[in-house]
Structures are given as structure tokens and as C-alpha cells.
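J.: Quick check, what structure comes out for this input:
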Amino acid sequence: MKYKLLLSNLLFSCLLFSIGSAQEWEFVYATEHPNGLQDVNFGYDVDISDNYAIVGAREENGDSTNLVSAGAAYIYRRVGETWQMQQRIVPELQKAMVCFGYSVAINDNFAIVGALFENAAYIFRNVNDEWIQVNRLIGPDQEGYEWFGISVAISANFAIVGSYYDDKDENGQNHLEFAGSAYIFKNNNGNWEFNQKIVASDRIGGQWFGAILDITDQFAVVGTVFERRDENSLNSIQGAGAAYIYSNTNNNWSQVQKIVASDRSQFAAFGGSASVYGNTVVIGSEKNYQTYVFDYSDGFWTQTQFIQSEASQSDGESLVSIYGDKLLINYYGLYREAHFYARVDGVWYPSQLLIPDGSQYTYLRYACSLSAYNAIFSGKQEPEKDMVLISFDRSNSSVEQETQQNFRFSPNPVSGTLFITAPETQYQKYQLKIFNAFGEIVYQNPIVLHETQIDMSKLFSGVYIVETSSGLIKKYWKFVKI
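T.: Take a look at the predicted model:
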């Protein structure tokens, strides 16, 4: 079953009502490297948190001529309706060829930056609008070249750093080549201290655990695209992928579950992207642009929804980021588009498609991140110009949204014909879709008349969602078929 549908969802008022505010995302800022530098991988990794964003430039040279590929990161701050570069950050002691900025993450007034080939990560703190280095993090059992810093994530009180070439277990023993690990650090009054090392409970060589990860104060998720076995460590399928979820109890992190795709397949690389918020984990795969949603209930994580791109016949990666009831999916490798979803009664529905201006020359690529009202994307402008794009959700101030309130639907519940009355003016510009409770489209047509009649008699009983859209603005309504 793709997700759980509770019978209680069917019990609500007979009046049709709006079920969620439309998202109205638009790109408000785009920038290339502040100094116009090319070939420095500006934007290879990005992250955003409220009014601050961070962008890595891992191949940028340092402050002296011999510091080749020392790397740097850039902090951006939202000012009014635009963004400004606030500060370039580098380690206090720069080193050549370490690729500082390979991975980046930001949360409130703390940022973390991975220096992959130094096997280190750095914590910076915002103090009176100046970002200062407060910690240099390493693995306490680190030995040589282990790619500590390939991935980083940070929450209010915890940071996590991946080390996917590490061959030692959580106790620094039992060597398995390239098994991988992740290290968790705790915020102790602004000083970040080592808390715990985590590995897969069924670790094997070549697993590369730690390449993809995310963390909140309660949960951590680690993706392993090369994992072959299922959730019970059986039924090997090459490159199927998996993810491991850890829970925090009194600062002790323990693995609570291994999750896999419901439709495991060869080289799907489930776990190629991962994001966690609250009791929801979203996992992207690298095959057919597929996305999987897992929700936590009664001590167990269950796959509750599968999201399939329309480009189902092509191989490509889903890059995912979740914040509250908003979900961002960037289908890297094919589309020059960002897909936003809204969660309504526990089900994710498509909310908006966002395309950069001049999309024939600009496309979205390696990374994306979502916060409450902002989203950031790694991008490239042809022929070969690295750039970063930031979008903003204007849904709270839309005149178009007020117009869409004028739609009328009756009767509700409905058994036969559903009557839809559109706004009296400009109704031809609206598109209409109806989704069943599994998120599948059961009706799709433009609105061509002021009053539209749809035969619902052949549909199964249950909850349905109506989507009205005009351009990039969408709104959702709910009704019951009996």
C-alpha cells in the first residue's frame, strides 16, 4: 500500500472548504561567484535557514598564491525582498588542496563547512552579524584519508559529519574497507563537542555509509546508495540502496530502523538524497526520479507515499528537502524545474512548478534546500557559469489567491454530478485537476465554461482533492464521493 488512509478522514463537514494555502514561489535572487570566478565549483553545495544561506566554493584558491583549491564558503543574508552576500568564510589556518566548502549546512546562527581532503569540518557562529570560527571538528578515531567531511548537517543542538571511507566501527575496531560512518557533535553552550559515532547495524565493506545524511535534534538519517540488502539484511539486489534512521534519547543516538524502497530494484540508489523534519523522512533515489516518504508513528517508520516524476522512463536523481508541510524536489539530470509539494491531511500533493527565468540557458543542478519561506538552488548558466538561485514563497499576499476563493463546488458529499462554478471573469485561464486519496489524477482539463459539470458516479467512494491553478499559483479543495 502506498500510504495509510484513515477512515476518520472521511468524517468532516458536508461543506466544501479550502484545505491549504497555495504556495506562490518565485525566484527573487540569482548570483554567480561574488568575484566572478569560474571553475571553483561555486554552489556545489548550498543550504538555507530563515534569512541566512550558505554557498560552498570548494575549488577556490586561498588568500595566498600557494593555497590552490583551499576552498571557501559564502554567507548570504536576506535584506528586504532581496539577498546580499554578507561574508566570505575560510578556516583560520588555510591549507592547500583541502576543498573547504565541499559540504555546507546552516541552522539559525551556526554554520558547518566540510573540508573533505583535510578530513575536517568547521563550525562558524554568527556574532553581531560577523561569522567567526568556533570549532574545528575531526573524528576522534580518525586514521588517514577517510573523507571525513564529505557531508554535513546541523540542527539547533547537534551536527553530523559523514566519513564514508572510514573502515572502523563505532568503537574504532573491526575494520571493513569503505564501510563508512558518521560522527555526531553536540552544542555545549556554543562549543561543539564530540557526542557519538554511528555506523550501520549490518555494516559491510563497500557500503559507503555517511555520504548522504541529515539531522534534527530528535532524528538522524543516513543514506547508503551502495547497500544491497533489504531491511532485514536479506535479498541482495546490487545498488538498490537503503537508509538508516537514528533516534536521540538523552543524547544517546541509537539505530531504530533500516528503511528501503517498497519497489527495490537494481541500481536504484535509494538514499541518494535524504531530508528529515519532525516525524517525516523523505528519501530520493537516482533512478526514474523517484521519491519516497516515510512517517513515524507508534515507534515505527512506514512508507506512506511514493512520488513519481512524469519523466518515469528516464533515469535521474530526485534531490529532496522538507520543511513542515512543504516539500521541494529537484529532478536533477533532466528538468530545469523545481517541484513544490504541499501536505494536506497527511498526503503530499503537487503545489507548484517553478522554472528559472531564461530557462533555456539556466538550469538547476547538484543541491537544493528549503526553509519556511525560502528555497535555494545550485545552478548553472550556459555555457559554463556557476550560479546560485534563491526563491521566496509569496503565498500570504496574493491577489490571485483571493480570486480563487470565488470557486464554488456542489453538492458535497457528491454521488453523481459535481457542479463547479468558476469566477465570473477570466475563468478560461484556470486549469482543473482532481486527485484521489492516493495522489493520482482522476480528472484533468482546462476550465472552458463559467459552470462545469463533472460526472463522479464511476469513481470509488472516498476523499478527493480538487486543484485549481492559474499559471504557477495553485489552490486545493476537498470533497467526499459517496
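
J.: what's the closest non-adjacent residue to N252?
T.: The shortest distance from N252 to any non-neighbouring residue, by Cβ to Cβ, 6 or more residues apart in numbering, is to Q196 (7.1 Å). For every residue, glycine as well, the C-beta is placed using N, CA and C.

J.: How about G101?
T.: Across the structure, with Cβ to Cβ, 6+ apart as the measure, the residue nearest G101 apart from its sequence neighbours is G56 (3.4 Å).

J.: strand partners of the strand or helix carrying the one you found, parallel vs antiparallel please.
T.: Counting by DSSP states H and E, the element that carries G56 is strand 52-57. Sheet pairing here is set by DSSP bridges, and for strand 52-57 it gives strand 42-49 (antiparallel), strand 72-79 (antiparallel).

J.: just those: most buried one?
T.: Highest mean neighbour count among the strands paired with strand 52-57 (mean count of other Cβ atoms under 10 Å): strand 42-49, with a mean of 26.

J.: how much distance is there from that strand to the middle of the chain?
T.: On the basis of Cα atoms, centre = their mean, to the nearest Å, strand 42-49 sits 12 Å off its chain's mean C-alpha point.

J.: got the CA positions of that strand in CSV?
T.: What follows is the C-alpha trace of strand 42-49 in CSV, where atoms were taken according to Å, rounded to 0.1, in the frame of the first residue of the first chain:
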residue,chain,number,x,y,z
PHE,A,42,30.6,27.8,-6.6
GLY,A,43,27.3,26.3,-5.4
TYR,A,44,28.3,22.7,-5.5
ASP,A,45,26.6,22.5,-2.1
VAL,A,46,24.1,25.0,-0.6
ASP,A,47,21.8,25.4,2.4
ILE,A,48,19.3,27.9,3.7
SER,A,49,17.8,28.7,7.1
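
J.: which stretches of the stretch 301-450 of the chain form helices?
T.: In the stretch 301-450 of the chain, the helices defined using DSSP state H, counting those that start in this stretch lie at 399-404.

J.: do you know which of the strands paired with strand 52-57 lies nearest I329?
T.: For the strands paired with strand 52-57, distance to I329 was read as Cβ to Cβ. The smallest value, 15.6 Å, belongs to strand 42-49.

J.: which residues touch the closest one?
T.: With Cβ atoms under 8 Å, 6 or more residues apart in numbering as the contact definition, strand 42-49 has outside contacts at 32-33, 53-58, 60, 101-108, 366-371, 374-379, 386-388, 390.

J.: and the nearest residue to W147 once chain neighbours are set aside, which of the three is it?
T.: Take W147 and drop its neighbours on the chain: the residue closest to it by Cβ to Cβ, 6+ apart is Y165, 4.2 Å away. Assigned by DSSP: H, G, I helix; E, B strand; the rest coil, the conformation of Y165 is coil.

J.: Between the strands paired with strand 52-57, which one is closest to V344.
T.: Taking Cβ to Cβ as the criterion, V344 comes closest to strand 42-49 out of those, the separation being 24.1 Å.

J.: Name all residues that make contact with the residue nearest the centre of the chain.
T.: To find the centre residue of the chain, average its C-alpha atoms and take the closest one (Cα atoms, centre = their mean): that gives S321, at 1.2 Å. Shown in contact with S321 (Cβ under 8 Å, 6+ apart): S275, V282, L327, L328, C368, S369, L370, A375.

J.: Show me which of those is closest to W253.
T.: Of all those, S275 has the smallest distance to W253: 18.0 Å, by Cβ to Cβ.

J.: so which strand or helix has that closest one?
T.: Using DSSP H and E, S275 falls within strand 273-277.

J.: Could you give me the buried positions within stretch 175-193?
T.: The neighbour-count criterion (16 or more other Cβ atoms under 10 Å) identifies L176, F178, A179, G180, S181, A182, Y183, I184, F185, N187, W192 as the buried residues of stretch 175-193.

J.: Stretch 452-466 now?
T.: Neighbour-count burial for stretch 452-466, with 16+ other Cβ under 10 Å as criterion, is recorded at T452, I454, M456, L459, V463, Y464, I465, V466.

J.: Likewise for stretch 253-265?
T.: Buried-residue list, stretch 253-265, by 16+ other Cβ under 10 Å: W253, Q255, Q257, K258, I259, V260, A261, R264, S265.

J.: residue farthest from the centroid of the chain?
T.: Greatest distance from the centre of the chain, by Cα atoms, centre = their mean, belongs to G416 (40.1 Å).

J.: Not counting residues beside it along the chain, what's closest to that one?
T.: Looking at G416 with Cβ to Cβ, 6+ apart, the closest residue is S457, at 5.0 Å.

J.: and the one you found, which of the three is it?
T.: Assigned with three-state DSSP, S457 falls in the coil class.

J.: Now do the contacts for A96.
T.: When contacts are counted by Cβ under 8 Å, 6+ apart, A96 is found next to G62, N66, L67, V68, S69, A70.

J.: Correction: the previous question concerned H175.
T.: D167, K168.

J.: Roughly how far does it sit from D167?
T.: When Cβ to Cβ, to the nearest Å is the yardstick, H175 and D167 sit 5 Å from each other.

J.: cool, and M85?
T.: If you go by Cβ to Cβ, the gap between M85 and D167 works out to 40 Å.

J.: same thing with F340?
T.: Applying Cβ to Cβ, one obtains 40 Å for the distance of F340 from D167.

J.: Of these two, which one has the most company?
T.: For F340 and D167, the more surrounded residue by other Cβ atoms under 10 Å is F340, and the numbers stand at 22 against 18.

J.: Just grab the bridge partners of the more buried one for me.
T.: Beta bridges link F340 to L328, Q352 when assigned by DSSP bridges.

J.: rewinding a little: could you find the closest non-adjacent residue to the residue nearest to the centre of the chain?
T.: The nearest residue in space to S321 (Cβ to Cβ, 6+ apart) is L370, at 4.0 Å.

J.: Kind regards, and thank you for your time.
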